[in-house]
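S.K.: have a look; sequence and predicted model below, questions after that.
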Amino acid sequence: MGKISIASFSARKKGNCSSLADYIISKSLNYQVEYIAIKDLNIHECKNCNYECMSKKCIYRQDDAYMYLRSTKKADKVIWLVPMYCGNPSSLYFKLNERSQDFWMSNESYYDEFLNKLFIIGIGNVGMANPFRQIFELMYHDSEVSYEGHILILGTQKYSLNSIKDFLIARTGVKEEVDKFLNL
Ligand SMILES: Cc1cc2nc3c(=O)[nH]c(=O)nc-3n(C[C@H](O)[C@H](O)[C@H](O)COP(=O)(O)O)c2cc1C
């Protein structure tokens, strides 16, 4: 049985990321699905260190960052659900991204495999000058793997989401976009 690893980078338990995760889980009955809320992990910020990750190992390696990234090795598909906060991906996204330096220093050969199975769904209102999508594309910059087909932005304005209490998944066309993107 194939495995799917879904991670939400939202600060809250119930919202668009979790309801999208619920939907993906409901459509993935032939898979073993693991859902992780990054907010529930213990991930230390990149601070109060001397960049040990660059030469030896991160002094915070025993927290959940390395463990989470290592857990994705067992997955056939890794899905990240990332909300926009103040024009950017949420800080939980950046926090894991920074700390991943330590993981990639010792798992370099896994990077392309990871990018091939990574699918990012960003949630937010993306205007012309907003680099939300481009920030996700940066993951792919140092790789031969193309980001094409790996990033989906669900525009909240496009789907007329007016309040943080509105649910994207209930809007006409969202399920179809997600199905097509993830080949569900
Ligand atoms: C602190 C904060 C800042 C936000 N900033 C933006 C923003 O700049 N643009 C936007 O489109 N939505 C913004 N939002 C709305 C969230 O992207 C939206 O509510 C999203 O659904 C959050 O994910 P969740 O529902 O899984 O929690 C913000 C929400 C919060 C809590």
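M.R.: In hand now; what should we look at?
S.K.: who does the helix or strand hosting residue 5 pair up with?
M.R.: Assessed by DSSP states H and E, residue 5 sits inside strand 2-8. Applying DSSP bridges, strand 2-8 is found paired with strand 31-37 (parallel), strand 77-85 (parallel).
S.K.: for those strands, which one ends up most surrounded?
M.R.: Across these, averaging neighbours per residue (mean count of other CB atoms under 10 Å) puts strand 77-85 on top, at a mean of 22. To be clear about C-beta, it is placed using only N, CA and C from the backbone, and glycine gets the same treatment.
S.K.: that one vs the ligand: in contact?
M.R.: Yes. Using CB under 6 Å from any ligand atom, strand 77-85 reaches the ligand at 83, 84, 85.
S.K.: now swap in stretch 157-165 and tell me
M.R.: Yes. Applying CB under 6 Å from any ligand atom, one finds stretch 157-165 touching the ligand at residue 164.
S.K.: tell me the mean pLDDT for that stretch?
M.R.: The pLDDT scores in stretch 157-165 average 92.
S.K.: gap between the two ends of that stretch?
M.R.: For stretch 157-165, the first-to-last residue distance is 14 Å (CA to CA, to the nearest Å).
S.K.: list the buried residues in that stretch.
M.R.: Buried residues in stretch 157-165, counted by 16 or more other CB atoms under 10 Å: 159, 161.
S.K.: which residues of this protein lie near the ligand?
M.R.: Close to the ligand, as judged by CB under 6 Å from any ligand atom, the chain has residues 10, 12, 15-17, 83-87, 123-125, 156, 164.
S.K.: ok, back up a step: need the strands paired with strand 2-8 in TSV with mean pLDDT, can you?
M.R.: Formatted as TSV, these follow (pLDDT from 0 to 100):
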stretch	mean pLDDT
strand 31-37	98
strand 77-85	98
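S.K.: all set, thanks.
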